[in-house]
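Asks: need a structure here:
(one chain, ligands or ions: 1)
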Amino acid sequence: MKYRFLFAAFAFFLPLVAGAEDAASCPDAGRAPFMTNVYGRDYTLLNGKWNAIVDLYDQGRKMKVYENRTAKSGEEFYEYSFEGGLRLNVPGDWNSQTPELKYYEGTVWYARHFNAAPADGRRQFLYFGAVSYRCRVYLNGEQIAAHEGGFTPFQVEVTDRLKTGDNFVVVEVNNRRTVDAIPALAFDWWNYGGITRDVMLVSTPETFVEDYFIRLDNNSPDVINASVTLSDAVSAAVRIEIPELKVSQELMTDASGRASASFKVKRLQRWSPDTPKLYDVLVTSAQDTVREQIGFRNISVDGTQILVNGRPTFMRSISFHEEIPQRRGRAFSQADAVMLLSEAQALGVNMVRLAHYPQNEYTVRLAEKMGIILWQEIPIWQGIDFEDDGTRAKAQGMLREMIYRDRNRCAVGFWGVANETKPSDARNAFLTSLLETGKAIDTSRLYVAAFDLAYFDEESRHFEMHDDFTKKLDVVAVNKYMGWYHPWPVDPTEAVWDVAQDQPLIISEFGGEALYGQSGDRRMASSWSEDYQEQLYLDNLEMFRHIPNLAGVSPWVLFDFRSPYRFHPTNQEDWNRKGLVSDQGYRKKAWYIMHDYYQSIKSSGR
Ligand code: GCU
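Replies: Sure thing, here's the model as predicted:
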């Protein structure tokens, strides 16, 4: 019985180990790196309290703590034990669980026992929603997997390694920042570490439905394109059913276990922010049935407009990090998703830019139910070494994992490949390879990147940006902090833009900081006051009136969020205060300005 080790789609190495024994082999370029829709499978959650060892000097591998030995004779002793020490909640970052770990960057060993009852004819997988930032997984004393990337899932088959009854799993997690990581050495958010999303033991039939992609044809709103891949290279019948549409489509997989088909549907109600219609979908094979809900919509570009189901739609967006500020920790649950998206919806959005990395599935799936379009991106965020092939392979792997996880999620309208990169041949080649990687898997969405290169040209007296790479994108996005990082060169009423004129332009970040409750001079940035932030928003909204190809705006940011960049002792205290809502959940004056702006756009029918 073969089983597939999954190693991340790029080399895995840690400062704590020499050599490349974890050098990973890329998974087959065309295969999904993990099963699609894990929540629609037969799984047991392995969440809860795990035992933990903080290994600041990376001694654990040398000590083979994953073997979990205990002394048996007089002379034996071990300078570790997983029993009787630190206990950490999984899922969850470690930084927010004990004061001692608030700033911790390094290795933590997680471990737990779990019972299993492997059954004949069933396969078993360990599935991790995300581990930040890199990890190795050990089962019953042996390494079985490694993964790098803090925001996408991975799985490893354990069918032939599981014991009936007690099993012992260990996860060596390290969140140290490195120059070749993504994100790299410095970034404007907290470097949370830990097993930050659900962990499951998944049971599947011997041959199971491994992957599928079921979406509306880009050009024919009454045609559904579907592809299904079985776990094994076998030619067999598979079926796609959408009962409400009276669809029951049989496909035959080829010798590699893949099948695809297109079929017409009648009376399909397309998903949109106003009508977030989802259909029950079943994908079945001889041994397997996978259920989920899928929405069908089109998103496209026409000149400088973004169309949803053929209708010009202005993107009323906001950004948020995957963080619950009141808990000072990573968001990971359904309840967290409700909190974040409800506050976004209250602002009047039809879109959320999930900054700056793929966020958990609860958030993505809830946004879909709420009718909120998503921009998801991989954390290509400043300081990336575009010359390095290993970094490029990592970025491609992260993009593949993000797309394979969420390409059935109709709420995702945009794949973002970069944030604030500087033009160079190496950058262009790197990002072009990402676009090629993404489009090999999914062309049913728009590809976008955010740039911070717009400037005020003294001659033309317009805002301009010259970066040829923008032509390769479906939508161009610009981060611009007028009134914060950039003083106004002209009055906002005269701030005319001439950027990517023949493409849709989204202002993907703007804003300024304010400490909730702090009053001050509305013309003094250093007042860090709500009054200043309110005026800044009024000025920027005025400027937006002079951007002819404006297709959307996304203020930075919904909530104050934690960042080591932000160390002003009274105004920041390790918090980026650009939130429209404070770290305690209180709305600042600027929130109401933005709310009214979105109300006016909604009532104008845009
Ligand atoms: C940048 C960046 C954000 C950052 C923001 C800021 O544009 O994209 O991640 O937090 O500006 O400076 O607050």
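
Asks: around the ligand, which positions in this structure sit nearby?
Replies: The chain comes close to the ligand at residues 188, 356, 419-420, 452, 479, 509, 556, 576, 578, as judged by C-beta under 6 Å from any ligand atom. Every C-beta, even on glycine, is put in place using the N, C-alpha and C of the backbone.

Asks: buried ones among those residues?
Replies: Restricting those to buried positions leaves 188, 356, 419-420, 452, 479, 509, 556, 576, 578, with burial counted as 16 or more other C-beta atoms under 10 Å.

Asks: gap between residue 233 and residue 286?
Replies: Using C-beta to C-beta, to the nearest Å, one gets 15 Å for the distance from residue 233 to residue 286.

Asks: for the nearest residue to residue 382 once chain neighbours are set aside, what are its contacts?
Replies: The spatially closest residue to residue 382, leaving aside those adjacent along the chain, is residue 420, at 5.5 Å (C-beta to C-beta, 6 or more residues apart in numbering). When contacts are counted by C-beta atoms under 8 Å, 6 or more residues apart in numbering, residue 420 touches 381-382, 450-452, 479.

Asks: any chance of JSON lines for the residues you listed, columns distance to residue 424, secondary structure and pLDDT?
Replies: What follows is these, written out as JSON lines (distance: C-beta to C-beta, whole Å; DSSP: H, G, I helix; E, B strand; the rest coil; pLDDT from 0 to 100):
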{"residue": "381", "distance to residue 424": "16", "secondary structure": "strand", "pLDDT": "94"}
{"residue": "382", "distance to residue 424": "13", "secondary structure": "coil", "pLDDT": "83"}
{"residue": "450", "distance to residue 424": "17", "secondary structure": "strand", "pLDDT": "98"}
{"residue": "451", "distance to residue 424": "13", "secondary structure": "strand", "pLDDT": "98"}
{"residue": "452", "distance to residue 424": "15", "secondary structure": "coil", "pLDDT": "97"}
{"residue": "479", "distance to residue 424": "19", "secondary structure": "strand", "pLDDT": "98"}
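
Asks: with respect to the ligand, which of these is nearest?
Replies: Sorting the contacts of residue 420 by how near they are to the ligand, with C-beta to the nearest ligand atom, puts residue 479 at the top with 4.1 Å.

Asks: could I get the contacting residues of the closest residue to that closest one other than its chain neighbours?
Replies: In this structure, residue 479 finds its nearest non-sequential neighbour in residue 509, 3.6 Å apart by C-beta to C-beta, 6+ apart. By C-beta under 8 Å, 6+ apart, the contact list for residue 509 reads 319, 450, 479-481, 554-557.

Asks: could you list which of those belong to strands?
Replies: Residues from the contacts of residue 509 lying in strands, with DSSP state E as the criterion: 319, 450, 479.

Asks: show the pLDDT at the first one.
Replies: Per-residue pLDDT puts residue 319 at 98.

Asks: and the strands in the stretch 401-550 of the chain, which stretches?
Replies: Shown for the stretch 401-550 of the chain, the strands assigned by DSSP state E, counting those that start in this stretch span residues 412-419, 446-451, 455-457, 462-464, 475-479, 497-498, 505-509, 550-553.

Asks: now these in a markdown table, with distance to residue 123?
Replies: A markdown table is the format used below for these (distance: least, C-beta to C-beta, whole Å):
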| stretch | distance to residue 123 |
| --- | --- |
| strand 412-419 | 29 |
| strand 446-451 | 35 |
| strand 455-457 | 56 |
| strand 462-464 | 56 |
| strand 475-479 | 41 |
| strand 497-498 | 55 |
| strand 505-509 | 42 |
| strand 550-553 | 44 |
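
Asks: on that earlier part again, phi first, then psi, for the residue nearest to residue 382.
Replies: Dihedral angles of residue 420 (phi, psi; degrees, to the nearest 10) stand at phi 60, psi 70.

Asks: per-residue pLDDT, it?
Replies: If you check residue 420, the pLDDT there is 97.

Asks: please apply the same query to residue 15.
Replies: Predicted confidence (pLDDT) at residue 15: the value is 33.

Asks: measure residue 199 to the ligand for me?
Replies: Using C-beta to the nearest ligand atom, to the nearest Å, one obtains 28 Å as the distance from residue 199 to the ligand.

Asks: what residues are up against residue 177?
Replies: With contacts defined as C-beta under 8 Å, 6+ apart, residue 177 is in contact with 105, 133, 183-186, 191.

Asks: go again using 6 Å as the cut-off
Replies: Listed by C-beta atoms under 6 Å, 6 or more residues apart in numbering, the contact set of residue 177 reads residue 185.

Asks: mind checking the SS state of it?
Replies: Put simply, residue 177 is coil when judged by DSSP: H, G, I helix; E, B strand; the rest coil.

Asks: quick one, phi/psi of it?
Replies: Recorded main-chain torsions at residue 177 are phi -80, psi 140, according to degrees, to the nearest 10.

Asks: distance of it from the ligand?
Replies: Distance, residue 177 to the ligand, using C-beta to the nearest ligand atom: 15 Å.
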